[in-house]
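Asks: With the input below, show me the fold.
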Amino acid sequence: MLRIAVPNKGSLSEPASAMLHEAGYRQRKDRKELVLVDAENEVEFFFLRPRDIAVYVGSGRLDIGITGRDLLLDSGSQAEEIMQLGFAGSTFRYATRPGTARDVSEFGGMTVATSFAGLVTKHLADSGVDAAVVHLDGAVETAIQLGVAEVIADVVETGTTLRNAGLEIIGEPILESEAVVIRRTGDPSDDPKVQQFLRRMQGVLVARRYVMMDYDIRVEQVERAVALTPGLESPTVSPLHHEGWVAVRSMVPAKDAQRIMDELYDLGARAILTTGIHACRL
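Replies: Sure thing, here's the model as predicted:
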């Protein structure tokens, strides 16, 4: 069986389980369940702390896992990213009190508090900065107020929490993170079980981004209509019983669907329908 690590809690957990469910895999009904066997799909799921997943995968105990890019890089494990999953996006940045520093290059001799000591230590070293790094679990905003550090490094979404703590963001982002699929570094990339899993997950990503659009259009307007709905390879065009009309079917980006429907209607298209896609293979 393919052994897969899945986050058991936090912002990664529910979206990961929802995506796996959409991909056709069984998921746990009880949050206390730590191991789930999906015999039909020949997969065994292990629900683990998100921070530990890269360690298990990198050690070879598990085949692949879902975790955050930030957690993968912070772990220092022998694991690598093989697919982006498009959820749990975040930005990792430095922050400090106004006037403390203008750029990362001025952090020399200071102390940086963070929950991602491995990631920050490497970033500072790569930037040629000699600064101490203190590891703290949980929120680190108060580290400066309590005199533990002059700088913090943390996940930033809107920046409101930092501003409320009297801090300002410094420099460019350390990292843009999101949920990713990982495997052990050096494992063969053509493992059929892993490839099947990736195809399923890719199918979910595509299904979420596209809808199927159907409409009827006069023959003389087909070329203009198809230019609006080119599909992935080419749209399907079928003659209708009513002479001079054809039916067109094509995949279109979901975010553009309403605009495309308006433009098709202006071209004379009628019976314009959109249908959600639950799964696909490209």
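
Asks: Show the backbone phi and psi for the residue nearest to the spatial centre of the chain.
Replies: Centroid-nearest residue in the chain: residue 86, 2.6 Å away (criterion: CA atoms, centre = their mean). Residue 86 adopts backbone torsions of phi 80, psi 10, taken as degrees, to the nearest 10.

Asks: what do you get for residue 13?
Replies: Note on residue 13: its backbone torsions stand at phi -60, psi -60 [degrees, to the nearest 10].

Asks: could you list every residue that touches it?
Replies: Contacts for residue 13 (CB atoms under 8 Å, 6 or more residues apart in numbering) come out as 6-7, 50. C-beta coordinates here come from the backbone N, C-alpha and C atoms, glycine included.

Asks: quick one: the helices in the chain?
Replies: Here the chain has its helices, by DSSP state H, at 13-22, 50-58, 69-75, 117-126, 142-145, 160-164, 192-209, 222-228, 257-267.

Asks: still on that earlier bit, how much space separates the closest residue to the residue nearest to the centre of the chain other than its chain neighbours from residue 162?
Replies: With sequence-adjacent residues excluded and distances taken as CB to CB, 6 or more residues apart in numbering, residue 86 is closest to residue 205, at 6.1 Å. Distance, residue 205 to residue 162, by CB to CB, to the nearest Å: 32 Å.

Asks: ok, now residue 110?
Replies: Using CB to CB, one gets 17 Å for the distance from residue 110 to residue 162.

Asks: and if you look at residue 249?
Replies: 49 Å.

Asks: ok, back up a step: show the model's pLDDT score for the residue nearest to the centre of the chain.
Replies: Residue 86 is assigned 93 on the pLDDT scale.

Asks: and it, what is it in contact with?
Replies: Per CB under 8 Å, 6+ apart, neighbours of residue 86: 178-179, 205, 208.
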